[in-house]
Structures are given as structure tokens and as C-alpha cells.
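> coordinates only, sequence not included:
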């Protein structure tokens with residue numbers, strides 16, 4: 001099972017289903033393979049590319065599709081969904097992935113602890 005770093009996970013709602021997006025290394029790898037990296041994924045989602053949005057949500061939610069037809073049906077559900085129900089969670093999830101799975105306050109605490117432990121070595 002993939003280790004999740006952050007305690008609060010972004011959620012997105014597609015139709016009647018709410019998906020929790022887990023910032024894991026497995027999710028990063030799936031986004032990298034599907035979209036060529038996190039920055040291209042962020043740009044494509046910013047451009048409201050439905051295929052990119054569906055790929056990122058699937059990666060974060062750990063969804064597996066049997067075939068391309070099943071993936072296309074999911075993308076269609078995303079396309080038909082209320083954009084306001086998923087865009088905030090999508091951006092939060094991508095931001096977590098770009099930050100190594102950590103929220104800014106978690107990163108600062110880790111950096112402070114690292115500096116403290118290196119202080120009198």
C-alpha cells in the first residue's frame with residue numbers, strides 16, 4: 001500500500017460520487033506516465049483539458065480501468081460534472097504533489113526540525 005504523507009486529503013465530486021485524492025508517490029508516477037510530468041499536468045488542467053483532469057483524478061483516487069472504453073466513460077463523467085465540484089480539490093491535489101505530498105506548513109515544520117537536528121551534530 002502506498003504511504004500517504006498529508007493527513008488532509010482533497011476531495012472532488014464527479015456526479016454523485018466523491019473521490020478522495022491521495023498524494024502518494026504512486027499517484028505522482030501515474031500522472032507522470034499519463035501526462036508527462038506534474039508541471040505539464042498542472043498546465044493542462046489549468047487549460048481545462050478534460051482528459052488531463054480525468055487522468056489526475058483517477059491517479060489520486062487510485063482508480064483502475066479495465067480498458068480505454070472504461071477510461072473514456074470516466075472522462076465523460078468528468079466532462080458532464082459541475083466544474084465547481086472538482087476544480088478546488090484538483091488544484092489542491094496537484095499543489096500537494098508538487099510539494100512532495102506536504103502542505104506548506106508541514107514542509108516548514110520538517111525543514112525546521114531538520115535544521116535543528118543538524119545544528120549541533
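Received it, and whenever you're ready, just let me know what you need. In this text, all values refer to a predicted model and were calculated from it rather than measured experimentally.

> low-confidence stretches in the chain?
Scanning the chain for pLDDT under 70 picks out 1-7, 104-121.

> nearest spatial neighbour of the residue nearest the centre of it, chain-adjacent residues omitted?
For the chain, residue 93 is the residue whose C-alpha lies nearest the centre (C-alpha atoms, centre = their mean; 3.8 Å). The shortest distance from residue 93 to any non-neighbouring residue, by C-beta to C-beta, 6 or more residues apart in numbering, is to residue 21 (4.0 Å). Quick note: C-beta positions are derived from backbone N, CA and C, even for glycine.

> hang on, isn't that neighbour packed against residue 60?
Yes: proximity of residue 21 to residue 60 meets the contact threshold set by C-beta atoms under 8 Å, at 3.0 Å.

> which neighbours do the two share?
Contact criterion C-beta atoms under 8 Å, 6 or more residues apart in numbering; residues shared by residue 21 and residue 60: 10, 27, 93.

> residues near the second one, how many?
It stands for residue 27. 23 (other C-beta atoms under 10 Å).

> and the helix or strand encompassing residue 96, what does it pack against?
Following DSSP states H and E, one finds residue 96 within helix 87-98. Applying 3 or more C-beta pairs under 8 Å, 6 or more residues apart in numbering; DSSP states H and E, we find helix 87-98 packed against strand 11-14, helix 25-35, helix 38-46, helix 50-61.

> got a markdown table for the ones you listed, with distance to residue 79 too?
Shown next, in a markdown table, are the helices and strands packed on helix 87-98 (distance: least, C-beta to C-beta, whole Å):
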| stretch | distance to residue 79 |
| --- | --- |
| strand 11-14 | 10 |
| helix 25-35 | 17 |
| helix 38-46 | 13 |
| helix 50-61 | 5 |
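
> quick one: closest of those to residue 68.
Closest to residue 68 of the helices and strands packed on helix 87-98, according to C-beta to C-beta: helix 50-61, at 11.3 Å.

> next, the angle from the closest one to helix 25-35.
Counting by axes from the mean of the first three to the mean of the last three C-alpha atoms, to 10 degrees, helix 50-61 lies at 160 degrees to helix 25-35.

> does anything pack onto helix 50-61? Which helices or strands?
When contacts are defined as 3+ C-beta pairs under 8 Å, 6+ apart, helix 50-61 sits against strand 17-20, helix 25-35, helix 38-46, helix 68-80, helix 87-98.
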